[in-house]
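A.B. asks: Starting from these lines, generate the structure:
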Amino acid sequence: MKIKRIIEQHHRDFSAIIECQFCGHEEEFDCGYDDRNFHDNVIPEMKCRKCNKSTNSEKTEFYQLAKNRNKYRVAKQLDGELAYAEIGNTYFSDTLYERGYNINELCKTGHLELVPRVFDFEKEVVGKNIHSVITVCPECGSHGVNLPLEKQCGNCGYSECWTYYDAETIDNLIRAEQEQSQEEPLLKGLYRKPFHYDEVGQIVFDSDTNPVLDVRGWGRIQKMENAEQVQDAIGHYLTKLLNEYWPE
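C.D. replies: Numbers count the residues shown, from 1 in each chain. Predicted coordinates for the structure are as follows:
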């Protein structure tokens, strides 16, 4: 519902004609209070007596549908109705479909680029953040701490909240990326995946049977219970890391 016309106001108390933006039904009410809470929270929750819809109930449904939309960035000049679009402009998939654009083909030709909801760096910092990750909803303004990679507002249901990471977490991520970028050129081509661990010789080999590392440390663990299993577990774990992180 929305206010169509104020009938009478005394200080902050007022009466008005309210109108349903969905079916056009009008009705009068006399219990209005002119403050931000009433306009932002009370009126949007009012249900129309005719169609039983409220502004917020329809917003929630729209936000759920919006989760299935993708956003695309213009990377090359488009033809057709959006020929005026500048490089870097963004459009949702439904807007592009309604104007007859073949999104898959335009992505292949480099005219459009998918704007990810979750960026790669966000996946990398899951579980590594020093402080809580804060989300801010641009729709209702509420702050929250969501589950990892979750963008939906817990208050109004808006699907595209802004995510704020603490500076220390981002600094650690940048440092790790810089260190990795300096090491990778030295390692590429030295060994080939997949790596495998030989339990007999306690040696990790690459796919060409080149020895990569020898699992040592028996002097420390020999008196442990199941010492051989511990040594092999170390070898298999190191092999798993090599297969996962060794640069191609």
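
A.B. asks: Distance of residue 201 relative to residue 211?
C.D. replies: As for residue 201, its distance to residue 211 is 9 Å (criterion: Cβ to Cβ, to the nearest Å). C-beta coordinates here come from the backbone N, C-alpha and C atoms, glycine included.

A.B. asks: Correction: the previous question concerned residue 235.
C.D. replies: Residue 235 sits at a distance of 12 Å from residue 211 (criterion: Cβ to Cβ).

A.B. asks: which of the two has more neighbours?
C.D. replies: Set residue 235 next to residue 211 and count neighbours by other Cβ atoms under 10 Å: residue 235 wins out with 21 against 12.

A.B. asks: now the helix or strand hosting that one: mean pLDDT?
C.D. replies: Secondary structure assigned from DSSP states H and E places residue 235 in helix 227-245. If you average the pLDDT over helix 227-245, you get 92.

A.B. asks: Could you give the separation between the terminal residues of stretch 78-98?
C.D. replies: By Cα to Cα, to the nearest Å, the extent of stretch 78-98 from end to end equals 15 Å.

A.B. asks: what do you get for stretch 140-148?
C.D. replies: End-to-end span of stretch 140-148 (Cα to Cα): 21 Å.

A.B. asks: What residues sit buried inside it?
C.D. replies: 140, 144, 146 (16 or more other Cβ atoms under 10 Å).

A.B. asks: quick one: stretch 172-188 to chain centroid distance?
C.D. replies: Offset of stretch 172-188 from its chain centre (Cα atoms, centre = their mean, to the nearest Å): 25 Å.

A.B. asks: contact partners of that stretch?
C.D. replies: The contact list for stretch 172-188, computed with Cβ atoms under 8 Å, 6 or more residues apart in numbering, reads 121, 124-125, 128, 130, 246-248.

A.B. asks: Could you list the domains of the protein?
C.D. replies: With domains defined by automatic domain parsing, the chain comprises 2-53, 68-115, 119-184, 196-245.

A.B. asks: Quick check: mean pLDDT of the second one?
C.D. replies: Per-residue pLDDT over domain 68-115 has a mean of 87.

A.B. asks: just checking, which of the buried residues of stretch 140-148 belong to strands?
C.D. replies: Judged by DSSP state E, strands contain the following of the buried residues of stretch 140-148: residue 144.

A.B. asks: Closest one of the buried residues of stretch 140-148 to residue 107?
C.D. replies: residue 146 (28.8 Å; Cβ to Cβ).

A.B. asks: these two touch, right, that closest one and residue 164?
C.D. replies: No - counting by Cβ atoms under 8 Å, residue 146 does not reach residue 164; the two are 11.2 Å apart.

A.B. asks: Give me the common contacts of those two.
C.D. replies: 133, 135.
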